[in-house]
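[1] Need the 3D shape of this:
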Amino acid sequence: MPNLARQASAIALVTATLTGLAACDPGTQVTETPGDDQPGAGVMVTPGYSVLEELFQTEVVNIGLEQLGYEVQRGLELEYATLHVDIAGGGIDFTAAHWTRLHADFFENSGGDERLERTGVFIDNVLQGYKIDKATAEEYDITSLDQLTDPDIAALFDTDGNGRANLTGCNPGWGCELVIEHHLDEYGLRDTVQHDQGQYFALMADTITRFNQGEPIFYYTWTPLWVSGVLRQDEDVVWLEVPYTSLPAEQGDVAEADTIVDGLNLGFAVDTQEILANQDFYDNNAAAAELFRLVEIPIEDVSAQNQLMRDGEDSPTDIRRHAEDWVAENQDQFDQWVEAARQAGLQAAQ
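    Numbering: from 1, shown residues only. Predicted coordinates for the structure are as follows:
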């Protein structure tokens with residue numbers, strides 16, 4: 001549900017504007033035009049994302065920007081590291097899929113707070129971790145990742161005949177790659193586990209095929225994502241715990257409590273996705289900035305949309321329709337967000 005404190009802040013802003021109590025620094029550079037009920041008119045906006053599964057949440061934001069008068073360009077699909085650099089440089093204005101902890105290194109390496117603005121929780125309680133098929137877990141009593149240091153256990157998940165477990169893992173350059181590589185060293189798994197990398201969704205298609213053939217599977221995944229709708233938790237697959245919390249230094253101080261979900265230590269910090277914006281764009285577009293701060297999507301809704309993609313509704317046109325349907329189903333709340341953003345833009349233009 002939307003954050004009540006942020007809603008209250010937005011309502012207070014609208015009230016202050018309507019009563020004439022709010023003021024604006026006349027020296028601030030703004031793009032909005034005084035008196036225009038579409039404060040983004042004439043301003044082009046370029047969004048970015050890294051995988052097609054992030055386009056839905058991007059389109060929800062795009063719809064709000066369009067209602068504010070912004071001219072939203074076709075989104076650019078880039079790897080996460082490049083995406084962060086391009087946002088910092090102004091080639092892209094925002095992404096709706098910045099992971100607070102997982103992408104911390106990308107954030108800092110792209111200029112940090114001086115060039116980028118994190119705008120607050122957009123999707124909450126996003127999870128990551130390792131899973132295996134439930135049948136193998138129960139037959140061999142496998143509950144923890146460190147059990148794969150046993151060559152006999154690891155060999156159960158060997159798909160290429162070298163005796164090591166094949167872990168369906170992350171694309172090179174993704175933030176999760178760093179965590180997985182750290183775990184392989186930290187938990188002594190280098191000799192028994194092989195991190196298979198490439199195009200994640202192609203690798204997962206092979207993993208799902210093996211599952212459907214009754215073979216053991218071992219993979220990394222995250223939520224929200226359609227994979228959890230195909231390989232169902234506690235019915236088809238189960239989480240593997242880690243023996244203790246250990247993450248790359250770039251993620252900062254992470255307590256064990258931050259990696260525990262339903263009593264299981266998943267090894268990855270429970271994270272949030274935020275809208276990440278170019279600092280100049282954020283500072284000079286009060287309407288867009290307020291929309292970025294306010295809009296939220298429940299994680300269950302993103303997972304449900306991802307399942308539609310898995311079922312074949314995966315063209316950009318399909319995904320745009322999904323976003324429009326979501327806005328229609330949440331029209332009252334969405335209208336409040338857009339109106340608060342509109343008033344913020346008008347106030348900044350005074």
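
[2] Would you list the phi and psi of Val254?
    phi -120, psi 120 (degrees, to the nearest 10).

[3] isn't it right up against Val270?
    No. With contact defined as Cβ atoms under 8 Å, Val254 does not reach Val270; the gap is 9.8 Å. No exception for glycine: its C-beta is placed from N, CA and C like everyone else's.

[4] Torsion angles phi and psi at the nearest residue to Trp174 once chain neighbours are set aside?
    Nearest residue to Trp174, sequence neighbours excluded (Cβ to Cβ, 6 or more residues apart in numbering): Tyr80, at 5.9 Å. Reported as degrees, to the nearest 10, the phi and psi values for Tyr80 are phi -60, psi -50.

[5] Would you map the strands across the stretch 251-350 of the chain?
    Along the stretch 251-350 of the chain, counting by DSSP state E, counting those that start in this stretch, strands occupy 260-261, 264-265, 271-278.

[6] for those, which one ends up most surrounded?
    The highest average neighbour count among those, using mean count of other Cβ atoms under 10 Å, belongs to strand 271-278 at a mean of 24.

[7] Just the residues contacting that one, thanks.
    For strand 271-278, contacts defined as Cβ atoms under 8 Å, 6 or more residues apart in numbering pick out 57, 61, 84, 87-88, 90, 92-102, 107, 115-128, 288-289, 292, 295.

[8] rerun at 7 Å
    Strand 271-278 has contacts (Cβ atoms under 7 Å, 6 or more residues apart in numbering) with 61, 87-88, 90, 93-102, 116-124, 126, 292.

[9] what is the mean pLDDT for stretch 295-306?
    Per-residue pLDDT over stretch 295-306 has a mean of 95.

[10] Give me the buried positions along that stretch.
    Neighbour-count burial for stretch 295-306 flags Val295, Glu296, Ile297, Pro298, Ile299, Asp301, Val302, Ser303, Ala304, Gln305, Asn306 (criterion: 16 or more other Cβ atoms under 10 Å).

[11] Can you tell me which of those residues is nearest Arg232?
    The closest of those to Arg232 turns out to be Ser303 (Cβ to Cβ; 11.8 Å).

[12] list the contacts for the residue nearest to that closest one when sequence neighbours are not counted?
    In this structure, Ser303 finds its nearest non-sequential neighbour in Pro224, 4.1 Å apart by Cβ to Cβ, 6+ apart. Counting by Cβ under 7 Å, 6+ apart, Pro224 touches Ile123, Val126, Ile299, Val302, Ser303, Asn306.

[13] I'd assumed Leu127 was in contact with the third one.
    No. At 8.9 Å, Ile299 and Leu127 do not qualify as touching, with contact defined as Cβ atoms under 7 Å.

[14] Before I go, just wanted to say thanks for your time.
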